[in-house]
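In: model the following, please.
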Amino acid sequence: MDMDLSLRCSALVTGSILLLASCAVSPTQPVWQLPGERHKITVKETSDRLNLVLDPGDAGLSLAHKSTILAFARAYRDHGHGPVAISIPAGSANAQIAVRAAAQTREILYDDGLAWAQMVGGHYEARGQTTPPIILSFRRYTASAEGCSVARQNMSHNYSNATSKNFGCFLAVNTAAMIADPYDLVAPQDMTAPPAERRMATYELYVAGESTATERTSDEEGSVSDVVD
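Out: As a prediction, this is how the structure comes out:
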């Protein structure tokens, strides 16, 4: 009788342990996180690059070259950081025309609004080559979501009711794509100085005891015609 009771107790304890184990969370199952915490937006530094290929017999930049340089300058104004680097080949068959074309490139960039201080020059070794390119480059930043994969996850046998590994990726990816300049996530942009003329005009009005507020025209004023209680 005591043996039967002992076996029954042992079976009951074993069953309870198995039941509790089946309800336990798998240690490999990720802890619940908000989408913004699971797939954080990261910023990486990269570079934009433009190769201008010239033959030794060319007279200079072609119209196609100039159009490409202007498009490159627009991209630099949109998301570029640091100076525009202009690297020309040294020791190559087209080295002489490359020097002339690099000077033309600087003129095009300057006429398009870039300051001379925003351009830097340099050489790279190209001895023995015939048509190595003039290389234009600038630094830029890109934003992307961490942990997002293009692979699909089979959720048909999801007995633990766990979320997909890509859960929340659409939010993070779309948010990263909407950031105009990802460098704003690294450091805030510098603020421009306030105009000195406006500051002095406001100060003079203050000293004279007059209102410093900007006067509004009739076009900027409005009134409520009917008010409903």
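In: all strands for this structure, in order.
Out: Counting by DSSP state E, the chain has these strands, from start to end: 41-52, 81-90, 119-125, 134-145.
In: want to throw these into TSV with mean neighbour count?
Out: The way it works is simple: take the backbone N, C-alpha and C, and place the C-beta from them, glycine included. Supplementary listing: those in TSV, determined by neighbours: other CB atoms under 10 Å:
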stretch	mean neighbour count
strand 41-52	14
strand 81-90	19
strand 119-125	13
strand 134-145	19
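In: nearest to residue 199, out of those strands?
Out: Closest of the strands of the chain to residue 199 is strand 81-90, at 30.2 Å (criterion: CB to CB).
In: the closest one versus strand 119-125: what angle between them?
Out: Inter-element angle recorded for strand 81-90 and strand 119-125: 30 degrees (by axes from the mean of the first three to the mean of the last three CA atoms, to 10 degrees).
In: ok, residues contacting strand 81-90?
Out: For strand 81-90, contacts defined as CB atoms under 8 Å, 6 or more residues apart in numbering pick out 73, 76, 95, 98-99, 101-102, 105-106, 109, 114, 117-127, 129, 132-141, 183.
In: that strand pairs with which strands, and in what direction?
Out: strand 119-125 (parallel), strand 134-145 (antiparallel) (DSSP bridges).
In: reformat the ones you listed as a markdown table; add distance to residue 157.
Out: Formatted as a markdown table, those follow (distance: least, CB to CB, whole Å):
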| stretch | distance to residue 157 |
| --- | --- |
| strand 119-125 | 56 |
| strand 134-145 | 27 |
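In: what would those strands look like in JSON lines with mean pLDDT?
Out: Shown next, in JSON lines, are these (pLDDT from 0 to 100):
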{"stretch": "strand 119-125", "mean pLDDT": "95"}
{"stretch": "strand 134-145", "mean pLDDT": "94"}
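In: closest to residue 189 out of the ones you listed?
Out: That would be strand 134-145 among the strands paired with strand 81-90, by CB to CB, at 12.5 Å.
In: just checking, which helix or strand of this structure averages the lowest pLDDT?
Out: The helix or strand of the chain with the poorest confidence is helix 2-23; it has a mean of 57 (mean pLDDT, DSSP states H and E).
In: could I get the strands of the chain as a markdown table with distance to residue 156?
Out: Output for these, formatted as a markdown table (distance: least, CB to CB, whole Å):
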| stretch | distance to residue 156 |
| --- | --- |
| strand 41-52 | 31 |
| strand 81-90 | 47 |
| strand 119-125 | 55 |
| strand 134-145 | 25 |
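In: out of those, which is closest to residue 209?
Out: Judging the strands of the chain by CB to CB, what sits closest to residue 209 is strand 81-90, at 47.2 Å.
In: which residues does the closest residue to residue 176 other than its chain neighbours contact?
Out: Leaving aside its sequence neighbours, residue 176 sits nearest to residue 143 (CB to CB, 6 or more residues apart in numbering; 4.0 Å). The contact partners of residue 143, taken as CB under 8 Å, 6+ apart, are 41-43, 176-177, 179, 182, 185.
In: ok, and what's touching stretch 204-220?
Out: residue 202.
In: hey, C-alpha coordinates of it in PDB?
Out: Extracted C-alpha coordinates of stretch 204-220, given in PDB (Å, rounded to 0.1, in the frame of the first residue of the first chain):
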ATOM      1  CA  GLU A 204      16.700 100.700 -30.800                       C
ATOM      2  CA  LEU A 205      12.900 100.200 -30.600                       C
ATOM      3  CA  TYR A 206      13.300  98.800 -27.100                       C
ATOM      4  CA  VAL A 207      15.400 101.800 -26.000                       C
ATOM      5  CA  ALA A 208      12.900 104.200 -27.400                       C
ATOM      6  CA  GLY A 209      10.100 102.400 -25.500                       C
ATOM      7  CA  GLU A 210       8.300 101.300 -28.700                       C
ATOM      8  CA  SER A 211       6.900  97.900 -29.500                       C
ATOM      9  CA  THR A 212       9.400  95.500 -30.900                       C
ATOM     10  CA  ALA A 213       6.800  93.200 -32.500                       C
ATOM     11  CA  THR A 214       6.600  93.000 -36.300                       C
ATOM     12  CA  GLU A 215       3.700  95.000 -37.700                       C
ATOM     13  CA  ARG A 216       1.100  92.900 -39.400                       C
ATOM     14  CA  THR A 217      -0.600  93.800 -42.600                       C
ATOM     15  CA  SER A 218      -4.300  93.500 -43.300                       C
ATOM     16  CA  ASP A 219      -3.700  90.300 -45.300                       C
ATOM     17  CA  GLU A 220      -2.300  88.700 -42.100                       C
END
